[in-house]
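J.: Quick one, fold the following:
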Amino acid sequence: MKEYLFLLRGGKPVTDKTEAERKAEMQAWGAYMGSLGEKGHFIGGLPLVSGGMVVTPEGLKSEPVNSGKEGIVGGYLIVKAENQQKAAELAKACPHIANEGNIEVREIAPMPAM
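T.: I've put the predicted structure just below:
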C-alpha cells in the first residue's frame, strides 16, 4: 500500500459551534479515526495551531487569513491505501467534510535512495 497525505482545509470554526455540536463532532472524529486504525489505514495526523508563518524568497509573512477558496490548512492525516482513488474514498467519510471543509489528497513519494 502507498501512503497519502490528507490536507484538511477550511471548515466551520469551532467558535461558531454549540457545545453539543462540538461534542458530536469529536465523537464523529473518534469513530472515523478508530475505523481507519482498525482497517490498517491510519498512520498519523494532528490538527494545526492557527497563526503560522509563510517563508518566501522575500522574507517572512504572517500566515494569510484565508488561503483562497479552499481555505487555510487546519490539520493533516497520513493514511495507507492501495491507490489515490481508494485514499479519496477514505477521505469522503472524514468528519471534516461534514464540517464544511475540504480535503486535498496527495500521494507521499518514497525517499529516493542515496
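
J.: Next, the buried residues of stretch 101-114.
T.: Residues of stretch 101-114 classed as buried under the neighbour-count rule (16 or more other C-beta atoms under 10 Å) are 101-103, 105. Placement of C-beta: from N, CA and C, glycine included.

J.: My error: substitute stretch 76-88 in the last question.
T.: By neighbour count on 16+ other C-beta under 10 Å, the buried set for stretch 76-88 is 76-77, 79-81, 86-87.

J.: the longest helix in the protein is where?
T.: helix 19-38 (DSSP state H).

J.: next helix or strand past that helix?
T.: Heading C-terminal from helix 19-38, the first helix or strand you meet, by DSSP states H and E, is strand 42-47.

J.: For that following strand, which strands pair with it and how are they oriented?
T.: The sheet places strand 42-47 alongside strand 73-81 (antiparallel), with pairing taken from DSSP bridges.

J.: now what about the strand it pairs with, what contacts it?
T.: 1-11, 36, 40-48, 50, 67, 87, 90, 94, 96, 101, 108 (C-beta atoms under 8 Å, 6 or more residues apart in numbering).

J.: List only those of the residues you listed flagged as buried.
T.: 4-11, 36, 41-42, 87, 90, 94, 96, 101.
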